[in-house]
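Engineer: Here is a sequence together with a model predicted from it:
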Amino acid sequence: MENATLVQLEHVSQIYRSGERRFYAVQDINMEIREGEFVFLLGPSGCGKSTLLRIITGLQAPTEGLVLYRGQPLRGVNPRATIVFQTFALFPWLTVQQNVEIALKARSVPSDIRVPRVLDLLDRVGLDGFESAYPRELSGGMRQKVGFARAMAVEPELLCLDEPFSALDVLSAESLRGELLELWTEGKIPTRAILMVSHNIEEAVLMADRLIIMDKNPGRVISRVTIDLPHPRQRKSPRFLEFVDQVYGILAGQTQPEHIELGAAPGKPGVTRWLPDVHVGNLVGLLERLNETPGDTEDIYQLADDLGVDSDTLLKLVEAAELLGFVTVAKGDITLTPLGEAFSDASILARKEIFATRIRRLPIFQWLLELLRRAEGRKLNWDVVQTALSLELPPTEAEKQLEILVAWGRYGEILAYDDETRIITLELAGGLPVSKDARGG
């Protein structure tokens, strides 16, 4: 018999407004969480994973759609769900025991029930002996354990975790993953299901029963994957690596024709393509690594270890390289193009010239160049450009996109920027040409 459904989302959307514009944080989400499941919401930064977690726990109401808990519409905060955030959010003036007890005090649980329950939970998560310690005395991993214990103290049916290991060092995160899995698989925590947000692909395949994979702009579900591997899972086993490769393939997608790949300029019909937030130096590192075996096709997931980056960072680098025409992507594999090979083999100055030529093709970059060409002295204040970009993008994303545009433009010697005056200037050598060819049109 199939386990009962705890949470069900039907056509859920979250819309934010900026002036007359509407922006979708998440759009038309349909999903469910059943008893006995450990489910991951997996996707790149900015795809709305945390927004969905807040909607599911009732911390915010969706703009559109319906949230059901055990078949009933959710109104307000869900008393049978709790959430652990990335940051530890402990009260520094309270001891470990007091930090956990406070969740039960808020629900008026009497002391004779509260204290034994808290001590038992602290023992289960490995904090026995630290009851009287203060947060400042604990490591990051131990502080997060206090967060877990506090969340579980109210015995939630649904435990929601918002990237709970992202603020920890690598070893602490690895240890805590193993301990959480042990508590879950051995039934040592009082919860019916776990929903965890992450952008770490290996972490998801290691822990989850099922993945709900999202993409951004707007945030939406693009795939669902069931991980039918027994615990404990072996990271180097062929089946584990097959799942990792499959998920990388889903998130990396496939190189599209240029008119689709590049998107539209702000203010023009179509979807404005957001630029991935990557440093050019890191992009060069990826291309140089691929150029070690020119012409070969490589699995994207294997590059994460080679480059020493997490999956989210790697996918952004791949997206940038693909957008600039330096690589092609298909089915989780990446291939350096002849242009990418030429870029890797070029001198420092030649790389800048190639890079400048490629970014001039991007509609969002063409939009910025046109603004500057029309401005007096070919100069504009940062705030003026950001305000113009905010007409098309959410304000926080507009700021981030402008930071990327200026950084890429400075590398390509197309733009200059004065941090004191906050003035963006079109460089004469890099930005003067106004013909169609120079604009990439």
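Structural biologist: Ah, there it is. Residues are numbered from 1 along each chain as shown.

Engineer: Every contact and neighbour count from this point should use C-alpha atoms.
Structural biologist: Noted.

Engineer: Pull the CA coordinates from stretch 123-136 and hand them back as PDB.
Structural biologist: These are the backbone C-alpha positions of stretch 123-136, laid out as PDB (Å, rounded to 0.1, in the frame of the first residue of the first chain):
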ATOM      1  CA  ASP A 123      21.800  12.200  23.300                       C
ATOM      2  CA  ARG A 124      20.500  11.000  19.900                       C
ATOM      3  CA  VAL A 125      22.300  13.700  18.000                       C
ATOM      4  CA  GLY A 126      25.500  13.200  19.900                       C
ATOM      5  CA  LEU A 127      25.500  16.200  22.200                       C
ATOM      6  CA  ASP A 128      25.200  14.300  25.500                       C
ATOM      7  CA  GLY A 129      27.500  16.100  27.900                       C
ATOM      8  CA  PHE A 130      27.100  19.500  26.200                       C
ATOM      9  CA  GLU A 131      23.800  20.400  27.700                       C
ATOM     10  CA  SER A 132      25.200  23.300  29.700                       C
ATOM     11  CA  ALA A 133      27.500  24.600  27.000                       C
ATOM     12  CA  TYR A 134      26.800  27.900  25.200                       C
ATOM     13  CA  PRO A 135      26.800  28.200  21.400                       C
ATOM     14  CA  ARG A 136      30.200  30.000  21.400                       C
END
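
Engineer: which other residues reach that stretch?
Structural biologist: For stretch 123-136, contacts defined as C-alpha atoms under 8 Å, 6 or more residues apart in numbering pick out 90-97, 119, 122, 142-143, 145-146, 149, 179, 183, 188.

Engineer: what does stretch 57-66 give?
Structural biologist: For stretch 57-66, the external contacting residues (C-alpha under 8 Å, 6+ apart) are 9-15, 28, 54-55, 73-78, 81-83, 160.

Engineer: Which of these fall within strands?
Structural biologist: Counting by DSSP state E, the part of those found in strands is 9-15, 28, 73, 81-83, 160.

Engineer: For the residues you listed, give me CSV that also has distance to Lys216, neighbour count and pLDDT.
Structural biologist: As requested, these are exported to CSV (distance: C-alpha to C-alpha, whole Å; neighbours: other C-alpha atoms under 10 Å; pLDDT from 0 to 100):
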residue, distance to Lys216, neighbour count, pLDDT
Leu9, 18, 21, 96
Glu10, 19, 15, 96
His11, 17, 15, 96
Val12, 15, 22, 95
Ser13, 13, 26, 95
Gln14, 13, 22, 93
Ile15, 14, 13, 91
Asp28, 13, 18, 95
Pro73, 27, 13, 94
Ala81, 26, 22, 91
Thr82, 25, 24, 89
Ile83, 23, 24, 87
Cys160, 21, 25, 92
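
Engineer: Now render those residues as TSV, adding distance to Thr226.
Structural biologist: As requested, those are exported to TSV (distance: C-alpha to C-alpha, whole Å):
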residue	distance to Thr226
Leu9	19
Glu10	21
His11	22
Val12	22
Ser13	24
Gln14	26
Ile15	29
Asp28	21
Pro73	27
Ala81	23
Thr82	24
Ile83	23
Cys160	19
